[in-house]
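**Student:** Prediction below, plus the sequence it came from.
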Amino acid sequence: MRKSARSRAEEQFSATQKKAKQALKEKQKAEQEIADRVAKLRALRLAKEAADKEAAEEAAAEKAAAETKKPSRLPQAHRR
């Protein structure tokens with residue numbers, strides 16, 4: 001039996017709807033992957049910035065400690 005024009009149109013419409021849903025799912029999945037990657041990179045950058053800041057603070061503290069260190073009481077000729 002031949003299908004009526006209406007049933008063929010409904011089949012085509014449902015196939016198109018199915019493809020559209022699948023495309024939307026793929027697009028959402030890709031967007032989520034990008035968001036996850038951005039979040040991971042942001043976390044890494046923030047951790048690096050925190051580590052750099054801590055290292056700079058330690059270096060500044062060491063420099064300040066070295067500057068405030070008392071000079072030796074020995075004459076320069078006897079220092080080693």
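**Tutor:** In hand now; what should we look at?

**Student:** Work out which residue lies at the spatial centre of this structure.
**Tutor:** A centroid search over the chain (CA atoms, centre = their mean) returns residue 41, at 1.7 Å, as the residue closest to the centre.

**Student:** Find the helix or strand that that residue is a member of.
**Tutor:** Assigned by DSSP states H and E, residue 41 belongs to helix 5-67.

**Student:** How far off centre is that helix?
**Tutor:** The chain centre lies 7 Å from the centre of helix 5-67; the measure is CA atoms, centre = their mean, to the nearest Å.

**Student:** What mean pLDDT does it get?
**Tutor:** In this model, helix 5-67 has a mean pLDDT of 95.

**Student:** quick one: the residue nearest to the centre of the chain from residue 33, how far?
**Tutor:** Distance from residue 41 to residue 33, counting by CB to CB, to the nearest Å: 13 Å. Where you see a C-beta, it was placed from the backbone N, CA and C, and this is true even at glycine.

**Student:** can you check residue 27 too?
**Tutor:** Residue 27 sits at a distance of 11 Å from residue 33 (criterion: CB to CB).

**Student:** repeat for residue 63
**Tutor:** Taking CB to CB, one finds residue 63 at 45 Å from residue 33.
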